[in-house]
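Visitor: Just to be clear, the model below is a prediction. Sequence and coordinates:
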Amino acid sequence: MDRRAILEELKKVLYPYTENKEMLKNIDDSTDLVKDLKINSANLVDIIIDAEAKYNVEIDFDSAENMITVGSCIDVIAEKMK
Amino acid sequence: MSRRVVITGLGVVSPNGVGIPDFLAAIRTGASGIKWEPSYKDLHFNCQVAGIPHFEWDQLKRYVSEITFHGLQGHALGYGIRAALDAWTDAGNTLAAGNTLGAAETLWDTGCVFGSSVAEVDVVKKIIGRVDAGEAKKLGSRVVEQLMNSGITAYISGRLGLGGRIIANSAACATGTQAILMGYEYIQQGLAKRMVVGSSEHVDPYIFGAFDSMRILSRKFNHAPEQASRPMSKTAGGFVPGSGAGALVLEDLDFALQRKARIYAELLGGACNSGGQRNGGSMTAPGAPGVIKCISDAVSNAGISSASIDLISGHLTATAADAVEIQNWCLALDRNGCNFPLINSLKSMIGHSLSAAGSIEAVGVVLQIVHQFVHPNINLEDPNPEILKLIDIGSLPQTMVEKEIKTVAKANFGFGDINACLIFSKYNNNG
């Protein structure tokens, strides 16, 4: 799965957790989950659990801490999918 | 100056009607909400009937934000959210658009007392499954808020922006009545201008099974569910578990008048005590001295004479204790025979919804005051002769009665020998 495909799937993972559905269509690597998409930081846990199921990966604590922007999420997921 | 407390909003999720219009129509006509539950046969329950509201889960999307709805679970939570938010809007308030973002300012003068018996067993079951399988990390961020006993008050107060005292109370079958009394007392003491009060209950198979094992549930009417809940009847053979939620908005009279709110009725006062599990009281049975004291205290706290009570909304679950309850009412009010007020039990239609019983029944009481009628006791074609030794059969309406109803006493009694009694009246603007 290339970065573009990961991004498309990531939009589906993020969808239930953001009120900013319009913005979600145009997210890029620099989009911040909490600051831009207004995602409640408590829900980052749920996003990681959903991402693990979606991409069939295990995301450890240290990697999860890096998942702040859309770009860093894709980095972590791509790394784990290797 | 003594503060008066009025009711300005109602919400209900009942086995015989979800929402006030449906519930009102049901209690006028004596419509039963008791149904046969096939799965209870497979579970080898003695009682296989229950009162379960016809509740469409997806409608909660209109009550909470999309994000909150995603991952929301727990029937009692859903019932409670719906009833409380309905009561809030019924009182002429609006809900802030959508969700937590952009919500209105915190309402410092408004609190919430909303009770339940147990945490959501559905949620507990999922947690146990995950944890025992070594998958605690997959539980996510939402289960704690649904596991905690204060989950319902947290959802309600968060949605409405309530900033006063937020309390989740629990007193078994007296929970709802107690919640209403606590809300009344906060307003009376000047600690709040408004209180959202009520309770909710979801009797899942695990709670149901625990009661079934006590052999106190109806078991002889599995073939005729609508006849299974028979308070005060000679053939009453145990209660029928029910689920649902009731909610009221209580308000300081001056505050309500100032905002030109519609006033349904006045809550004159009440009392809550325990018999201390002495003098016949036990874990499971209310003792007569405690019950009598509770009712007498409520009457005196409300500043009325017991002779002015037009209607009693009893606890009356459909067990042998019904006759004892009637005797306690007779002694507490010093009224019997033809001098006894009308008395009814909503449980004949919806069963006994434990924690939610008091609040659903209180909503029923307010509706009877507003619309000036007494709902029927269904399944009472064979009144218990022990009860007829105490009061006249004319006190036990089997069809709806249209009558002037000014003052109503409402009581519930819970495990642990907890008693609670409220006195409602028609609102009189002359004080």
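Guide: Yep, it's here. Numbering: from 1, shown residues only, chains lettered A, B, ... in the order given.
Visitor: Need the pLDDT of residue 71.
Guide: By default, I'm working from chain A. Per-residue pLDDT puts residue A:71 at 97.
Visitor: if you could check chain B rather than the one you did, that'd help
Guide: So, for residue B:71, pLDDT stands at 93.
Visitor: if you skip the residues just before and after it, what's nearest to it?
Guide: Once flanking residues are discounted, residue B:71 sits nearest to residue B:142: 4.4 Å by C-beta to C-beta, 6 or more residues apart in numbering or on different chains. All C-beta spots, glycine's among them, are computed from the backbone N, C-alpha and C.
Visitor: And the stretch of helix or strand residue B:195 belongs to, how far out from the chain middle?
Guide: Using DSSP states H and E, residue B:195 falls within strand B:194-201. Put simply, strand B:194-201 sits 9 Å off its chain's centre (C-alpha atoms, centre = their mean, to the nearest Å).
Visitor: do the same with stretch B:36-56
Guide: 21 Å.
Visitor: what comes up buried for that stretch?
Guide: By neighbour count on 16 or more other C-beta atoms under 10 Å in any protein chain shown, the buried set for stretch B:36-56 is B:36, B:37, B:40, B:45, B:47, B:48, B:49, B:50, B:51, B:52, B:53, B:55.
Visitor: Who are the contact partners of the first one?
Guide: Residue B:36 makes contact with B:48, B:49, B:222, B:225, according to C-beta atoms under 8 Å, 6 or more residues apart in numbering or on different chains.
Visitor: Could I get the full set of helices for chain A?
Guide: A:3-14, A:21-25, A:44-55, A:61-65, A:70-81 (DSSP state H).
Visitor: mind listing what's buried in the second one?
Guide: Burial within helix A:21-25, assessed by neighbour count using 16+ other C-beta under 10 Å, is assigned to residue A:24.
Visitor: How about the residue in chain B that chain A sits nearest to, nearest residue that isn't a chain neighbour?
Guide: Here chain B gets closest to chain A at one residue, residue B:70, 4.0 Å apart by C-beta to the nearest C-beta. Residue nearest to residue B:70 in three dimensions, not counting chain neighbours: residue A:16, with 4.0 Å by C-beta to C-beta, 6+ apart.
Visitor: count of residues packed around that neighbour?
Guide: 15 (other C-beta atoms under 10 Å in any protein chain shown).
Visitor: same question for stretch B:316-326, mean pLDDT?
Guide: The average pLDDT for stretch B:316-326 rounds to 97.
Visitor: Extract the CA atoms of that stretch and return them as CSV.
Guide: This file holds the C-alpha atoms of stretch B:316-326, laid out as CSV (Å, rounded to 0.1, in the frame of the first residue of the first chain):
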residue,chain,number,x,y,z
LEU,B,316,-47.5,-1.6,44.4
THR,B,317,-45.3,-4.1,42.5
ALA,B,318,-47.8,-7.0,42.4
THR,B,319,-46.6,-9.1,45.3
ALA,B,320,-48.0,-10.1,48.7
ALA,B,321,-46.5,-6.8,49.9
ASP,B,322,-49.2,-4.8,48.1
ALA,B,323,-51.7,-5.4,51.0
VAL,B,324,-49.1,-4.4,53.6
GLU,B,325,-48.4,-1.2,51.6
ILE,B,326,-52.1,-0.3,51.5
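Visitor: Name the residues of that stretch that are buried.
Guide: Per 16+ other C-beta under 10 Å, stretch B:316-326 contains these buried residues: B:316, B:317, B:318, B:319, B:321, B:322, B:323, B:324, B:325, B:326.
Visitor: so which of those residues comes closest to residue A:25?
Guide: residue B:317 (56.1 Å; C-beta to C-beta).
Visitor: need the contact list for that closest one.
Guide: Going by C-beta under 8 Å, 6+ apart, the list of residues near residue B:317 reads B:173, B:231, B:239, B:345, B:347, B:352.
Visitor: Among those residues, which ones are in helices?
Guide: residue B:347.
Visitor: Reformat the contacts of residue B:317 as a markdown table; add distance to residue B:367.
Guide: Converted to a markdown table, the contacts of residue B:317 look like this (distance: C-beta to C-beta, whole Å):
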| residue | distance to residue B:367 |
| --- | --- |
| B:173 | 21 |
| B:231 | 19 |
| B:239 | 23 |
| B:345 | 15 |
| B:347 | 16 |
| B:352 | 19 |
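Visitor: Let's have the contacts of residue B:317 in a markdown table, adding pLDDT.
Guide: Shown next, in a markdown table, are the contacts of residue B:317 (pLDDT from 0 to 100):
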| residue | pLDDT |
| --- | --- |
| B:173 | 97 |
| B:231 | 98 |
| B:239 | 97 |
| B:345 | 98 |
| B:347 | 98 |
| B:352 | 98 |
